[in-house]
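S.K.: Got a sequence here, can you build the structure:
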Amino acid sequence: MSSDFETYEQDFGTITADITNKIGRIPKLSGEEKTQLVLNVDKQLEEVRELLEQMDLEVREIPVQSRAMYNSRLKSYKQEMEKLEKDFKRSRIAYSDEVRNELLGDDAISSESQLIKLREERAHLLDNTEKLERSSRRLEAGYQIAVETEQVGQEILSNLHTDREKIQRARERLRETDANLGKSSRILTGMLRR
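M.R.: All right, here's what the predicted structure looks like:
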């Protein structure tokens, strides 16, 4: 199990290093090349999200005594992912600003309407990003609840196991007591006959 986790870690490191490099290049590019790079980074970020999900599943399969170490590693990877997404968001905003500056160089009337349109698109993108972040927080909260529910379930199973052992011991004592009562009854019957 941990070997799969470590393989995912290596993939995570390789892809995030590539993403970081590309995010740094986005503001320096323009036109189609820049658009393609933005799409490529977006695709790679989705791959990283899937890797984190796989790592999360692997951590759940790891024995409880080792799980804490892997959980902390996974948490740091998730924080790194959040930072990458914020950096990517900033680089895309810089991309929008550059396009706006290019548009302002054209005739003033059309550039004004294009500027308004660009601002609306930017606001729409930011709104969608906020919605995604809220959804991510809800998913994280749901995951926390699932983990807590799993822990409660494990405690209940442990308590049930303990109760079962107590019931079995009580049943054994009851059988012994019943056997002793039967023996005592036979002795008393024998004594009464004498």
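
S.K.: mind checking the longest helix of the chain?
M.R.: Ranked by residue count and defined by DSSP state H, the top helix of the chain is helix 108-193.

S.K.: just the angle between the helix or strand encompassing L74 and helix 108-193, please?
M.R.: Assessed by DSSP states H and E, L74 sits inside helix 64-104. Per axes from the mean of the first three to the mean of the last three Cα atoms, to 10 degrees, the angle that helix 64-104 makes with helix 108-193 is 170 degrees.

S.K.: same for helix 64-104, what does it pack against?
M.R.: helix 2-25, helix 31-61, helix 108-193 (3 or more Cβ pairs under 8 Å, 6 or more residues apart in numbering; DSSP states H and E). Any C-beta I mention is one placed from the backbone N, CA and C, and that applies to glycine too.

S.K.: need those in a markdown table with mean neighbour count and mean pLDDT, can you?
M.R.: Formatted as a markdown table, the helices and strands packed on helix 64-104 follow (neighbours: other Cβ atoms under 10 Å; pLDDT from 0 to 100):
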| stretch | mean neighbour count | mean pLDDT |
| --- | --- | --- |
| helix 2-25 | 15 | 87 |
| helix 31-61 | 15 | 89 |
| helix 108-193 | 11 | 85 |
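
S.K.: Would you mind saying which of these lies nearest M81?
M.R.: For M81, the closest of the helices and strands packed on helix 64-104 is helix 31-61, at 5.9 Å, according to Cβ to Cβ.
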